[in-house]
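**Student:** With the input below, show me the fold.
(one chain, ligands or ions: 1)
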Amino acid sequence: MPPVPPPDPRPALCGLSPEALTRLLYPLPAFRARQIFKWIAGGALSFDQMTNLPLNLREELARRFLVYSGVMSARLDAPDGTVKIQIRLRDGAKIEAVLLSEETKNDSPEQAEPRTRRYTACLSTQAGCPAGCVFCKTGSLGFLRNLDSAEITGQFLMLRAIAPLISNIVIMGMGEPLLNLEELRRALSVLTNPGGLGISSRRITLSTSGIIGGIRDLADQGPPIRLALSLTTAREDLRQRLMPIGRTNPLPALKEALGYFQQKGGGRLTLEAVLLAGINTRREDAAALIAFAKGLDTVVNLIPWNPIEGMEFEGKALKEPSKQEVAEFTRLLEQGGLKVIRRFRRGRSIRGACGQLGLAALPEEPGKQGLEKAD
Ligand code: SF4
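**Tutor:** Purely as a prediction, here's the structure:
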């Protein structure tokens, strides 16, 4: 095996706001930092492409910095339009990000096209995940490290090079985002910056396994994004067995934190339940979920588990629920007054669906800084 080269020590600029860039590049004038920020937000892959910067500055920047922090090392396209990319980071860690697309109807008669496509980027915040949810492939890989702001922002920019009109972001890829909140905040300040990518905070949804301190921190310090809780079940004992992170984040205190988030203007909350056949789809699960949601403004998102070979719970193979099982569970929740939606199963064929990230199904191809054609 050839020796692995040491990671490139140059910092990457794509995860920095104009203010942070100005500080880093001092004594370069602030307008230069803003120019660089605009170029990166506009899709520049190298300093060479930043043609309104003097040549000697471009050369100096290239000596001292990178634009991106990793390379797109593989890409898989599903027939339904979902695209999963694998990114090899500078230390060799691999993460995945997913581009989801769906057709939406235009209600306005002034719109020429009756239908348009809406693109959503699903981003990772950690390499691996420490939460260890038993139904999740990423959780089974263990935890490697937190991603930095450039590594989070870079995923979006690489997906945006595939679909220029991404309007929504879900932070639901690999990792527990609230265990890496500071770097995520930095990345979000870049992604939402009106002088750059300008994604609306209200079009960003963070999904958490239920980190109480992180929910309160987000409520207090923002940014004002939407929140989804991966609840799975509201039966405490079962939840703690399915989601070990629940042992230190018990349901009563979690519910209080969610109430606090809503009081602070957090808007409607999504309660997600990955449905596992015969495990969390019983009458008592429905009753517990209805009780948990009481007093909160919620919508319940039911996600039939996406099969992953070899995954088990307490010695038994996990199975996806039947259509009847899902329908009956939905009926019980609706009868209890809950609004229920079913998540589309996009990306299943390329293992880009919920809980499937981290499967080593991508043949790696060589890449350059930022982007390399990998299809
Ligand atoms: S479901 Fe989310 S929080 Fe749980 S192990 Fe997977 S990535 Fe981590």
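
**Student:** What residues sit buried inside whatever helix or strand Q240 lives in?
**Tutor:** According to DSSP states H and E, Q240 maps onto helix 236-242. For helix 236-242, the neighbour count (16 or more other C-beta atoms under 10 Å) marks E236, L238, R239, Q240, R241, L242 as buried. In short, each C-beta sits where N, CA and C put it, glycine included.

**Student:** The helix or strand following that helix: which residues count as buried?
**Tutor:** Of the helices and strands lying after helix 236-242 in sequence (DSSP H and E), the nearest is helix 251-263. For helix 251-263, the buried set under the neighbour-count rule, 16+ other C-beta under 10 Å, comprises L251, L254, K255, A257, L258, G259, F261, Q262.

**Student:** Could you report the distance from the residue of the stretch 151-300 of the chain found nearest the ligand to T248?
**Tutor:** Nearest to the ligand in the stretch 151-300 of the chain, going by C-beta to the nearest ligand atom, is S209, at a distance of 3.8 Å. Remark: distance between S209 and T248 (C-beta to C-beta, to the nearest Å) = 11 Å.

**Student:** These two - which one has more neighbours?
**Tutor:** Using other C-beta atoms under 10 Å, the more surrounded residue of S209 and T248 is S209, with 28 against 12.

**Student:** Residue numbers of the stretch 101-250 of the chain in contact with the ligand?
**Tutor:** C129, A131, G132, C133, C136, T138, G139, M174, G175, E176, S209, S230 (C-beta under 6 Å from any ligand atom).

**Student:** give me the residue from this protein nearest the ligand.
**Tutor:** Residue nearest to the ligand within the chain (C-beta to the nearest ligand atom): G139, separated by 2.6 Å.

**Student:** residue contacts, that residue?
**Tutor:** Neighbouring residues of G139 by C-beta atoms under 8 Å, 6 or more residues apart in numbering: C129, A131, G132, C133.

**Student:** mind putting these in a markdown table, distance to A78 and secondary structure included?
**Tutor:** As requested, the contacts of G139 are exported to a markdown table (distance: C-beta to C-beta, whole Å; DSSP: H, G, I helix; E, B strand; the rest coil):
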| residue | distance to A78 | secondary structure |
| --- | --- | --- |
| C129 | 23 | coil |
| A131 | 26 | coil |
| G132 | 28 | coil |
| C133 | 24 | coil |
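
**Student:** Can you add pLDDT and give those residues back as TSV?
**Tutor:** Listed next are the contacts of G139 as TSV, based on pLDDT from 0 to 100:
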residue	pLDDT
C129	94
A131	93
G132	92
C133	94
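
**Student:** What segments of the stretch 151-300 of the chain are helices?
**Tutor:** For the stretch 151-300 of the chain, the helices defined by DSSP state H, counting those that start in this stretch cover 181-191, 212-221, 236-242, 251-263, 283-293.

**Student:** Format the ones you listed as TSV; extra columns: distance to K323.
**Tutor:** Converted to TSV, the helices of the stretch 151-300 of the chain look like this (distance: least, C-beta to C-beta, whole Å):
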stretch	distance to K323
helix 181-191	36
helix 212-221	33
helix 236-242	22
helix 251-263	29
helix 283-293	17
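
**Student:** Please dump these into a markdown table; it should also carry mean pLDDT for every row.
**Tutor:** Converted to a markdown table, the helices of the stretch 151-300 of the chain look like this (pLDDT from 0 to 100):
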| stretch | mean pLDDT |
| --- | --- |
| helix 181-191 | 97 |
| helix 212-221 | 98 |
| helix 236-242 | 98 |
| helix 251-263 | 98 |
| helix 283-293 | 98 |
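
**Student:** Identify whichever of these lies nearest to F313.
**Tutor:** helix 236-242 (6.9 Å; C-beta to C-beta).

**Student:** who touches the closest one?
**Tutor:** Under C-beta under 8 Å, 6+ apart, the answer for helix 236-242 is 133-135, 231-233, 246-247, 250-251, 276, 279-280, 285, 313-314.

**Student:** so L258 makes contact with I215?
**Tutor:** Yes: here L258 reaches I215: they are 6.6 Å apart, a contact under C-beta atoms under 8 Å.

**Student:** overlap in contacts of these two?
**Tutor:** Joint contacts of L258 and I215 (C-beta under 8 Å, 6+ apart) are L227.

**Student:** ok, and the closest non-adjacent residue to D48?
**Tutor:** Among residues not flanking D48 along the chain, R58 sits closest, at 6.1 Å (C-beta to C-beta, 6 or more residues apart in numbering).

**Student:** Look up which helix or strand the one you found falls in, please.
**Tutor:** Counting by DSSP H and E, R58 is found in helix 55-64.

**Student:** what about that helix, distance to the chain center?
**Tutor:** 33 Å (C-alpha atoms, centre = their mean, to the nearest Å).

**Student:** Stretch 158-168 too?
**Tutor:** Worked out by C-alpha atoms, centre = their mean, stretch 158-168 lies 14 Å from the chain centre.

**Student:** Mind jotting down where the strands sit in the stretch 51-200 of the chain?
**Tutor:** Assigned by DSSP state E, counting those that start in this stretch, the stretch 51-200 of the chain shows strands spanning 70-77, 83-89, 94-105, 115-122, 126-128, 143-146, 166-171.

**Student:** Given the shortest one, what are its sheet partners and their directions?
**Tutor:** Read that as strand 126-128. Strand 126-128 pairs in its sheet with strand 143-146 (antiparallel), by DSSP bridges.

**Student:** what sits up against the partner strand?
**Tutor:** With C-beta under 8 Å, 6+ apart as the test, strand 143-146 has contacts from A93, T125, Q126, A127, G128, C129, P130, G175, L179, N180, E183.

**Student:** Could you check how many residues crowd around the first one?
**Tutor:** Here the number of neighbours of A93 (other C-beta under 10 Å) works out to 17.
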